Structure formats: structure tokens, C-alpha cells
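*Asks:* Here you go, sequence then predicted model.
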Amino acid sequence: MKNIPVKRVDLIFEKIVCKEIFKKIISMDPERIIQSVIDSGLKGRGGAGFPTGLKWQFAANEKGDEKYIVCNADEGEPGTFKDRQILDEVPEKVFCGMAIASKAIGAKYGFIYLRGEYYFLVSKLEKKMDEFHLLMKEMGHDFRILLRLGSGAYICGEESALFESIEGKRGEPRNKPPYPTASGLFNKPTCINNVETLVYTVMILKYGASHFMHLGTKDSRGSKVFSVSGDTPKAGIYELELGMSVDEFVEEFGDGDTKAVQVGGAAGFCVPRKRFADTVIGFEGVPTGGSMKLFNSSRSMYNVMHNYLDFFAEESCGQCTPCRVGCQQLLKGIEAVKKGERSSKYLDELVKLATTMKLASKCGLGQSVGNAFSSIVENFKEEIIY
Amino acid sequence: MTLSESISQKVNKHGKTRDALMPILQDIVREKHYISDQDMVEVARQLDLSAADIFGTTTFYSFLDTKPRGKYVIRICKTISCSMKGKNSILSTMEEILKIKLGETTADKKFSLLETNCIGWCHKAPAILINDTPYTELTPEKVTEILREYIKQR
């Protein structure tokens, strides 16, 4: 396996004239649009990594003309802040991606679900949306975008919880199947994509699928916008080609004393120094929605773990028992071990609990708490105990 | 304007269907910084839903406050990056200036001080939101200056 060194890419923030691209796309058959996205190998950039072209195809195959495009702008994963920057700098490209998706699947309405924490973007987005609607009218494409806001609930980034929230309910995830492409928003076929994913579809159709496919690796095509934070002299937002190892990443962004990198936020994996070299950042190794957090040797991994568990215990929607009780018990558990009220062997019980949560929780939140928990406990056991 | 008129204004703007509920509740919070029991009962009446249902939705969302809050709601991010980059010293500076503890509101009903989870400014930590405005890369000096400006305002 050959790794790709850290290489900057400029697709997401590249200034383009959306009108020109949309003019070209509006005359294309939906099948051709979808095929281009499939050919590019693009996988969802929100974190879960479902093949975007396939999602569009599933939604396109559904009968009926009441379908929805939803842009998931509920960026809440700790350490992720790239969608904010994308919406701030190139909102017209996000709208354009939604319009392309609407053409592909046959939808007349789109929703952007923006987290409440980003309310300061609203006036700008509304102004740009007015311009976009004029463009749609000019192009004779019947598509309208509506903006909806979250109100401080991390779980609403989960697609079905997001639908519930737009529908005016508690943001509690639904059972799957049915999947959103069959029954999503208002129980209609829905295509829900992350902000960054939508912008990539625009660039794929502008430059061709092969341009994108030639970047990255077999399992992780293209590039990705990374949100870099923690102990780094270069915190910020970077678009990089996929396929680099954590080692190469740390070489570029570390402060010379990096002991661990949390890839994928609180729901992601902790990679310790000894694994930097053989861990690829991507779907073949550790996937990420963009969050890359570096920790140097001055940091206590107990504090990191405690912070994450506190976060999950608060943000669990409480609907299913494994997640609701599991998050609380993991938090109480590491506190008890730290205080010496429980022996270090108790950590093994907690790892088992985290595994149960992975198997038994209803949605991605409860299922992924174990990622960070097990990887931190496994690699930094002493720091949790002493 | 009576409470009922105020709510009906929002219902007229957003509609009577269930999917209008979040925008209506968000407008109430933006206007008076919290949603009272009376608000919930009135929204329920006008949307023809049960008050328990409205209560259920409202209390699910941390930004839809059901306790009276100050004119300026300050939310300090407590998630990992901000916590690593000195969130505690920013918090204690604010507590000292406002003479309130976390979770409290000043006697003049001007400021409330709350914690929140990741607000998406990790690369510029520590960060706070004052109502909808983010302030980032804070130091005790910088946050002091920011609060002094707000204190001057009515």
C-alpha cells in the first residue's frame, strides 16, 4: 500500500460561475448526471461515507413527483467546522449542488437544515438564496430551497432525526429501514447530502468524473476538507487529497510532540503515536467527516475521554436504553476508576458495555461512542486509571 | 400586544402545520429569550396540538430555553478544543465581571451565563456565543473588553 503525501487541493473553495455549470447540466439526462457521480467514486463527506451516486440513483428510482433534497448543514461533530466555512465562502455552490441533485432525482423542493449555532450566516444565505431562485427561474428549472434552523441538538445531524426536527418534532432518530431515499422528509423519497458532498458533485460535473477519481485511493476517491484543531500551530481548514497516513498528517500539522490524533471527532477513533505510520486517513483506515484533533504529550487522555463522554451523555436523545444509560454509565465508570472506587479491571467491563452499545443502539450516536472509548482505553489505559 | 396576538403573528408568518412549530418556537426565543408555559399552551391552541406535545418538542432542544433568560444569553463552549485552550479562565473572568455563576442570570435581567457543546470554532478556541454572535480566540482581556461593550449598551 502506497500512501499519498499531504497534498493541497482547491476544488471546494474555487470560485466558479455556477450559472455556466448549471446551464450545461440542465440539458443533461438525469441518468447521465447520476452516472457521472457514480463514476467519480464520491462518498458522502459528512462522515458515514455512503456512495453519493447510488443514493441519488435510489431516490431517482422512486416513483412519484413529491421528493425532497435536503442539505445537512447541522455540523455538530466536535472538531468539525468546515461546513460553516463552505456556507460562508461559497454558498452558491451548495445551492447549485442541490439544484443538480433535484434535476437528477426529480425534486421541486430542497431544505437546508442549518445548526442554530450558525444563525449568524442566515441573512447572507437568504440574500444568496434570492439570487439563486432568480437564476432557477431564468433557467426554467422548477426548484426552490427553504432554510430551516436547528436549536442546539447534536443528534439532529443524524438524517432521520433531522427530518423529525424539520417536521416540528423532537429530534429522535427513526428506525431504518425504510431509508430516506424511500421514505424520508414528510415520509417522501428524500436525498440527504452533506454540504461538502453537494459542492463536490458540482465540481465533478464541471471537471468530469475522472478528474476526481484520479485523486485519492481506491477506497477513498478524491479530496476532502479537513478541520484541523487541538495542539497544532496550523489550526484551520484544509482541503487535502485523501489517502495520507496519520504520520504524514502529523508531519505537516503536528507541533513536534503529538502523542495522539482523534480522527472523526468524538464519534471517531483515537490513533496513538505507535499507529501513526500504518493508519490511513480514509475509508480503508480511519474515516472522518473532517475532524482532526491533535493532542500533545501535555494532555491527559482521561480528560479528553471525560469531555467526550460528558458530551455524549448530554447529547444522547434518550430514546433507546443502550445509548441513554450506556453513555451515563461509561462516564460514571471512568470517574469511579479514576477515584479508585473501582479496580482497573472494571475498564474491561466498560469496554464490553461500549461494544454492546455499538450493537444495540438505534442510531449512529450510540453506535459510535465505543469508537473513541475503546481506542482511548486500549491505548492510554494508564492515563485513565492513574 | 397580548401573548395571544404575539403568537398569532408568528403563526400567520410560518403557518399552522406541524412543520411550522420549530420556526415559531425559535421566533419566540429570539424575541423574549425563553418560552413560557403560557406560550406553549397558546401555541398548542393555535396549532391545534396538545400542550404536552409542544412541551416535548420545546424541551428537547437546548437553545429553546424554558427558563427566563437575560437579554444577552452568553453560551460558552465546553467541548474539547475550547476546554483545552483555556475555557475555564474565560468562564471565571465572565463570572467575575457579571457577578453571577454559570447557569444564572444577572439581577437586571441583562445577562445569562450558560455552557454549550461544540459551536464549530475549534480552530479559534476558546469561543462563546452572545445571542447569535460568535466571539473567538478569547483571552481574559479580550472577553473583558467584549463584555464591557455589552454592559454599556441598554
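*Replies:* The structure has been received and is ready for your questions.

*Asks:* From here on, just use CA atoms for contacts and neighbour counts.
*Replies:* Noted.

*Asks:* pretty sure A:Val286 contacts A:Thr279?
*Replies:* Yes - applying C-alpha atoms under 8 Å, one finds A:Val286 in contact with A:Thr279, separated by 7.1 Å.

*Asks:* Output the longest strand belonging to chain A.
*Replies:* Ranked by residue count and defined by DSSP state E, the top strand of chain A is strand A:223-230.

*Asks:* I'd like to know if that one reaches chain B anywhere along the stretch.
*Replies:* Yes - contact of strand A:223-230 with chain B is found when judged by C-alpha under 8 Å from any C-alpha of the partner chain, involving A:227-230.

*Asks:* between those, which is nearest A:Leu350?
*Replies:* Nearest to A:Leu350 among the residues of strand A:223-230 next to chain B: A:Gly230, at 26.8 Å, using C-alpha to C-alpha.

*Asks:* ok, B:Ile119 - contacts?
*Replies:* A:76, A:117, B:77, B:127 (C-alpha atoms under 8 Å, 6 or more residues apart in numbering or on different chains).

*Asks:* Put together TSV for those, with distance to A:Gln35 and neighbour count on each row.
*Replies:* Shown next, in TSV, are the contacts of B:Ile119 (distance: C-alpha to C-alpha, whole Å; neighbours: other C-alpha atoms under 10 Å in any protein chain shown):
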residue	distance to A:Gln35	neighbour count
A:Gly76	31	22
A:Glu117	36	26
B:Cys77	43	25
B:Ala127	43	29
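
*Asks:* Mind picking the one among those that's closest to B:His14?
*Replies:* A:Glu117 (21.1 Å).

*Asks:* Surely that closest one forms part of a helix?
*Replies:* Yes - the assignment for A:Glu117 by DSSP: H, G, I helix; E, B strand; the rest coil puts it in a helix.

*Asks:* doesn't B:Asp132 make contact with it?
*Replies:* Yes - A:Glu117 is within contact range of B:Asp132, at 7.0 Å (criterion: C-alpha under 8 Å).

*Asks:* Leaving out chain neighbours, which residue sits closest to the residue nearest to the spatial centre of chain A?
*Replies:* Central residue of chain A (C-alpha atoms, centre = their mean): A:Gly46, 1.9 Å from the mean position. In space, A:Gly46 comes closest to A:Gly289 once its chain neighbours are excluded; the distance is 4.8 Å by C-alpha to C-alpha, 6 or more residues apart in numbering or on different chains.

*Asks:* any idea how far that neighbour is from A:Val122?
*Replies:* 23 Å (C-alpha to C-alpha, to the nearest Å).

*Asks:* With neighbour numbers in mind, choose between the two.
*Replies:* Neighbours per residue (other C-alpha atoms under 10 Å in any protein chain shown) separate A:Gly289 from A:Val122, with A:Gly289 holding more: 28 against 17.

*Asks:* so that one sits right up against A:Glu75, yeah?
*Replies:* No - assessed by C-alpha under 8 Å, A:Gly289 is found out of contact with A:Glu75, at 9.6 Å.

*Asks:* distance between the one helix or strand A:Phe95 maps to and the chain's centre?
*Replies:* Using DSSP states H and E, A:Phe95 sits in helix A:91-105. Centroid separation for helix A:91-105 versus its chain: 18 Å, with C-alpha atoms, centre = their mean, to the nearest Å.

*Asks:* ok, and what's touching that helix?
*Replies:* A:18, A:22, A:25-26, A:29-31, A:33-34, A:56-57, A:59-61, A:67-71, A:87, A:108-110, A:125, A:128-129, A:132, A:143, A:145, A:195-196, A:198-202.

*Asks:* what's around the residue nearest to B:Ala20 when sequence neighbours are not counted, how many residues?
*Replies:* Distance criterion C-alpha to C-alpha, 6+ apart; nearest residue to B:Ala20, sequence neighbours excluded, is B:His14 at 5.4 Å. B:His14: 16 surrounding residues under other C-alpha under 10 Å.

*Asks:* Just give me the neighbour total for A:Val17.
*Replies:* Around A:Val17 there are 10 other residues, counting by other C-alpha under 10 Å.

*Asks:* gap between it and chain B?
*Replies:* 28 Å (C-alpha to the nearest C-alpha, to the nearest Å).

*Asks:* ok now do that residue, which residues does it touch?
*Replies:* Counting by C-alpha under 8 Å, 6+ apart, there are no residues that A:Val17 touches.
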